[in-house]
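Asker: task: produce atomic coordinates for the following.
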Amino acid sequence: MNGFAVAAIVMLIGVIPCAIVVCRGTAIEAVVGYQAVSSIAVMVLVLLAEAFSRFGELELPIVLAVLLFGSGLVFVRALERWL
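Answerer: Numbering: from 1, shown residues only. Coordinates of the predicted model:
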């Protein structure tokens, strides 16, 4: 267990408050919580790829980071009708 694996575990603990906001918050708070959870997930995947020295698995977090921006725009566009 190296420092990168420990950092990934610590970052996963930060998902808990964001998940509570997604479940219990208003619609716009849920979008912000979703964006935060997605960003943390990307960072955790990068840390795990570095921790286990599997640099070929850095493709997934890179693709997720690019798609994260588009998915946030889709959610905001869908919520625009009700706000």
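Asker: low-confidence ranges in the protein?
Answerer: 83 (pLDDT under 70).
Asker: the lengthiest helix in it: how far from the chain's middle?
Answerer: Longest helix of the chain, by residue count under DSSP state H: helix 27-51. Distance, stretch centre to chain centre, for helix 27-51: 1 Å (CA atoms, centre = their mean, to the nearest Å).
Asker: for the residue most central in space within the chain, give its distance to Cys18.
Answerer: Nearest to the mean C-alpha position of the chain, by CA atoms, centre = their mean, lies Ser38 at 1.7 Å. Distance of Ser38 to Cys18, given as CB to CB, to the nearest Å: 9 Å. (Each C-beta comes from the backbone N, C-alpha and C, glycine too.)
Asker: repeat for Gly33
Answerer: Where Cys18 is concerned, Gly33 sits at a distance of 5 Å (CB to CB).
Asker: do Trp82 as well
Answerer: From Trp82 to Cys18 the distance is 22 Å (CB to CB).
Asker: equivalent analysis for Arg54, please.
Answerer: Applying CB to CB to Arg54 and Cys18 gives a distance of 26 Å.
Asker: same check on Val74?
Answerer: Taking CB to CB, one finds Val74 at 19 Å from Cys18.
Asker: neighbour count winner among these two?
Answerer: Cys18 (19 against 9; other CB atoms under 10 Å).
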